[in-house]
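**Student:** below are the sequence and a predicted model; questions follow.
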Amino acid sequence: MDLEKPPPPPRREPEGCLVVAIRVPVRIVVLVLVVPVRMVWDALVVAGRFLNDTVLRPVGRALLWLGRAVFVWPFVALWRYVVVPLAKALAWLGNMLLVVPAVWLYRYLLTPLGHACAWLAHGIGAGLGWLYARVLTPIGHAVMWVLRGLGAVLAAIGLGIFGVVAWLVRYLLVVPARWVYEWILAPVGRAIAWCARGLVWLVSMIATGIGIALYWTARVLFVLPALGLYRWVLAPVGRVLAVVGRELRDALGHAWRVAGRISLAFGRFLVKLFRWTFVEPVRWVYRTVLTPVGHVVRDAVLRPVAEAARSVGRATRQALTAARESVRQARADFRRMLFGEQKEREMEAVREPRRRETRTLGSSTTALTKD
């Protein structure tokens, strides 16, 4: 049981008389124009399918096989039987000529030499460490103590000179500059800023007035006429064109479907016409004329000929068998005439299997107890 409700059908808007008046002639004209196109299209589709099934697909398979035979298989054979063995041979040769000597050189020459160099560098580093700890460090400490004393003396001298220079700079430069800034530059700057703000306000008011005037001029001269043109001319024309386009689209779809039905019916009519004008007469001729004639020919001509041929074959085989037997007998007679019958009898006696002896109470049939 389906618990979900089916979706409601799409709601169609009410159509006016203009839509109905446009729809019927448009559909008639479009149907008249589309039917030949659809029939030509269906004929091209049928021809294309027939051409694809009978020509293009076999030709494509042949070309694919030819391409494999010409391009793929030679390269596969070249890769499998030439490149791969050659690469393996080169890899083995490179291993024997480069890798094995390099490994031997690294293991038996460079590694001991590196160990010796590391031991020598370790000894030199130990000597330099002792020299740094026992000689250079005390000398450095003494030099730093001397430099600290000189730095303290120079710092004391510099502090005295810097204090004098700072007092002179304060009372000769800083104090006069501060007085000039507070009593001359600051009032002048405030006046200039106030004048600049007034000038900016005046310019902004002038620009605002000019902008409002230009806005209303452009609105009256361009926007309102364009809005009236769009609202009272372009929008109705667009709606009419939209209706015409929608109806034309629906008419094309409807005409294409109707043309498909017509083309299908016409195709079936052509198939039936071809069947009743060609296929059925050919079938009738084959069934009512050619089949009885063929049966008569088979029963009156072919079967007797086949029987005669088989009898001739049997007679020929019998003759050949008799001839072979005669030749074999002649060869046996000739051999008997040359070599006699004793040897042949001995060979026949040797080839003759022994008769099974009769079992008695003293005999045994096993290999272990047999006498």
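**Tutor:** Done, it's in. What you see is a predicted model; the values in this text were computed from it and never measured. Residues are numbered from 1 along each chain as shown.
**Student:** need the pLDDT of Leu368.
**Tutor:** Here, the pLDDT recorded for Leu368 equals 45.
**Student:** for Arg107, same thing?
**Tutor:** We have a pLDDT of 89 for Arg107.
**Student:** same question for the one 5 residues further on.
**Tutor:** Taken from the predicted model, the pLDDT recorded for Pro112 is 90.
**Student:** in what helix or strand does it lie?
**Tutor:** Assigned by DSSP states H and E, Pro112 belongs to helix 111-131.
**Student:** before we move on, what about Val243?
**Tutor:** With DSSP H and E as criterion, Val243 is part of helix 235-274.
**Student:** check the offset of that helix from the chain's centre.
**Tutor:** 39 Å (CA atoms, centre = their mean, to the nearest Å).
**Student:** next one: stretch 136-152
**Tutor:** Its chain's C-alpha centre and that of stretch 136-152 lie 77 Å apart, by CA atoms, centre = their mean.
**Student:** try stretch 120-134
**Tutor:** For stretch 120-134 - counting by CA atoms, centre = their mean - the centre lies 66 Å from the chain centre.
**Student:** picking that back up, can you name the element that comes right after the helix holding Pro112?
**Tutor:** Sequence-wise, the next helix or strand downstream of helix 111-131 (DSSP H and E) is helix 137-169.
**Student:** Asp250: how many residues sit nearby?
**Tutor:** 14 (other CB atoms under 10 Å). C-beta here means a position set from N, CA and C on the backbone, and glycine is covered the same way.
**Student:** quick check: the gap between it and Arg257.
**Tutor:** Using CB to CB, to the nearest Å, Asp250 is found at 11 Å from Arg257.
**Student:** and for Met144?
**Tutor:** For Met144, the distance to Arg257 - CB to CB - is 105 Å.
**Student:** buried ones in the helix holding Val243, by neighbour count?
**Tutor:** Val243, Glu247, Leu248, Ala251, Leu252, Ala255, Trp256, Val258, Ala259, Gly260, Ile262, Ser263 (16 or more other CB atoms under 10 Å).
**Student:** toward the C-terminus, what is the element adjacent to that helix?
**Tutor:** Later in the chain than helix 235-274, the nearest helix or strand by DSSP H and E is helix 280-285.
**Student:** so what does that next one touch, helix or strand wise?
**Tutor:** With contacts defined as 3 or more CB pairs under 8 Å, 6 or more residues apart in numbering; DSSP states H and E, helix 280-285 has no packing partner among the helices and strands.
**Student:** who touches it?
**Tutor:** Contacts to helix 280-285, defined as CB atoms under 8 Å, 6 or more residues apart in numbering, come from no residue at all.
**Student:** from now on call the first residue 25
**Tutor:** I'll keep to 25 as the first residue from here, and by that count the last item is helix 304-309.
**Student:** if we go by neighbour counts, what in stretch 49-58 is buried?
**Tutor:** Going by neighbour count (16+ other CB under 10 Å), the buried part of stretch 49-58 is Val50, Arg51, Val54, Leu55, Val58.
**Student:** out of these, which sit inside helices?
**Tutor:** Within the buried residues of stretch 49-58, residues falling in helices by DSSP state H are Val50, Arg51, Val54, Leu55, Val58.
**Student:** the first one and Gly149, how far apart?
**Tutor:** Using CB to CB, we find Val50 at a distance of 102 Å from Gly149.
**Student:** for the last one, same thing?
**Tutor:** Here the criterion is CB to CB. By it, Val58 lies 99 Å from Gly149.
**Student:** same question, the third one
**Tutor:** Computed as CB to CB, the Val54 to Gly149 distance reads 100 Å.
**Student:** now the second one
**Tutor:** Distance from Arg51 to Gly149, counting by CB to CB: 103 Å.
**Student:** next one: the fourth one
**Tutor:** Between Leu55 and Gly149 the computed distance is 104 Å (CB to CB).
**Student:** helix or strand with the lowest mean pLDDT in the protein?
**Tutor:** Least confident element among the helices and strands of the chain, by mean pLDDT, DSSP states H and E: helix 366-375 (a mean of 52).
**Student:** where does the protein dip in pLDDT?
**Tutor:** Across the chain, the ranges flagged by pLDDT under 70 are 25-47, 364-395.
**Student:** redo that, cut-off 50
**Tutor:** The model of the chain has pLDDT under 50 over residues 25-27, 34, 38, 374, 376, 390-395.
**Student:** run through the residues that contact His278.
**Tutor:** Counted by CB under 8 Å, 6+ apart, His278 has contacts Arg51, Val54, Leu55.
**Student:** mind running it again at 7 Å?
**Tutor:** Contacts for His278 (CB atoms under 7 Å, 6 or more residues apart in numbering) come out as Arg51.
**Student:** rebuild the ones in helices among the buried residues of stretch 49-58 as TSV, extending it with distance to Val123.
**Tutor:** Shown next, in TSV, are these (distance: CB to CB, whole Å):
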residue	distance to Val123
Val50	85
Arg51	85
Val54	81
Leu55	84
Val58	78
